[in-house]
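>>> Fold the following.
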Amino acid sequence: MRTMSQPVGLPVLAESDLVRQVARRLTDAIVQGRLPPGAKVAEAAVARELGISRAPVREAARLLESQGLLMASPRRGFFVRELSARDVDELYALRLCVERHAAVEAARRLTPETRAALRRQLDLMRDLARRDDPATIVEADYQFHRLICEAAGNARLLRLFDGLASELRIVIGLIGRLYDDPDEIARTHEPVLAAIEAGHPERIVAHVDHHIGVARREVVRLLESLTPQGPPPRNETSETP
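Numbering: from 1, shown residues only. Predicted coordinates:
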């Protein structure tokens, strides 16, 4: 007799736009660690927990596969993607290229409306930190960086940033594990915004490099610590008694 998979805390959905709603619920579960890297997304169990049929769950899984959050295995189903330390290092190298340019251009084009929007986003991150809501903090963090890319006024750059969205959310979720105080996440963004407001390109690049560079080192270190170490290499030489 087959055993049922354990629930992962997914709320029941409304009828409209089921696929995107399922995808969002699964994304939240992945970011919060309720569906950890390597975990199987059991379609039947998820459908039962959400109170829907399996079809939208399967479509949502395919959507998340296309976004890089899940991986499909023939005849086995969908699994949460496992990011290696190398994956994260490559992601951050690309982030640095994108966000350095975006922040400098955002400062050059900064309007009172854009500045106010960035300030509101920072305030939102502080508010969410007080509520201790990891999923929404991750989303607010991501949206802060996306607002900077929007403010740069380069549609192609924004599309490039959006292409990193799923992996960025996973990584930002990992960053959340590094801080005992959730408000620290919001505080680390303040120098970046202050530099953009001041409008000095060299200062902006320095603060972006520091902000992303610290996260890069810490997340890579975290992933390396979570990676199981194999047995020590076998000594092929032997001593003659």
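>>> Tell me which residue is most central in the protein.
R169 (1.3 Å; C-alpha atoms, centre = their mean).
>>> Tell me the helix or strand right after the helix or strand harbouring that one.
Using DSSP states H and E, R169 falls within helix 165-176. Sequence-wise, the next helix or strand downstream of helix 165-176 (DSSP H and E) is helix 183-187.
>>> Contacts for the helix or strand following that following helix next, please.
Downstream of helix 183-187, the next assigned helix or strand under DSSP H and E is helix 190-198. With contacts defined as C-beta atoms under 8 Å, 6 or more residues apart in numbering, helix 190-198 is touched by 103, 106-107, 110, 115, 118-119, 122, 148, 203-204, 206-208, 210-211. Any C-beta I mention is one placed from the backbone N, CA and C, and that applies to glycine too.
>>> Looking at those, spot the one nearest R58.
I148 (35.6 Å; C-beta to C-beta).
>>> coming back round to it: which of the contacts of helix 190-198 are buried?
103, 106-107, 115, 118, 122, 148, 204, 207-208, 211 (16 or more other C-beta atoms under 10 Å).
>>> Pairing partners for the closest residue to E65 other than its chain neighbours in the sheet, please.
Closest residue to E65 apart from its sequence neighbours, by C-beta to C-beta, 6 or more residues apart in numbering: A72 at 5.5 Å. According to DSSP bridges, the residues that bridge with A72 are F78.
>>> mind checking which helix or strand L157 is in?
Assigned by DSSP H and E, L157 falls in helix 155-163.
>>> Run through the neighbouring helices and strands of the longest helix along the chain.
Looking across the chain with DSSP state H, the single longest helix is helix 201-226. Judged by 3 or more C-beta pairs under 8 Å, 6 or more residues apart in numbering; DSSP states H and E, helix 201-226 is in contact with helix 85-108, helix 165-176, helix 190-198.
>>> Pull out the buried residues from it.
Using 16+ other C-beta under 10 Å as the test for burial, helix 201-226 gives 204-205, 207-208, 211-212, 215-216, 219-220, 222-223.
>>> What mean pLDDT does it get?
Helix 201-226 shows an average pLDDT of 88 in the prediction.
>>> can you give me the offset of it from its chain's centre?
Helix 201-226 sits 14 Å away from the centroid of its parent chain (C-alpha atoms, centre = their mean, to the nearest Å).
>>> so that helix versus helix 85-108, what angle?
For helix 201-226 against helix 85-108, the angle by axes from the mean of the first three to the mean of the last three C-alpha atoms, to 10 degrees is 160 degrees.
>>> how far off helix 85-108 does the helix or strand of the chain with the lowest mean pLDDT point, in degrees?
When each helix and strand of the chain is scored by mean pLDDT, DSSP states H and E, helix 165-176 comes last, with a mean of 72. Helix 165-176 runs at 100 degrees relative to helix 85-108, counting by the same axes, to 10 degrees.
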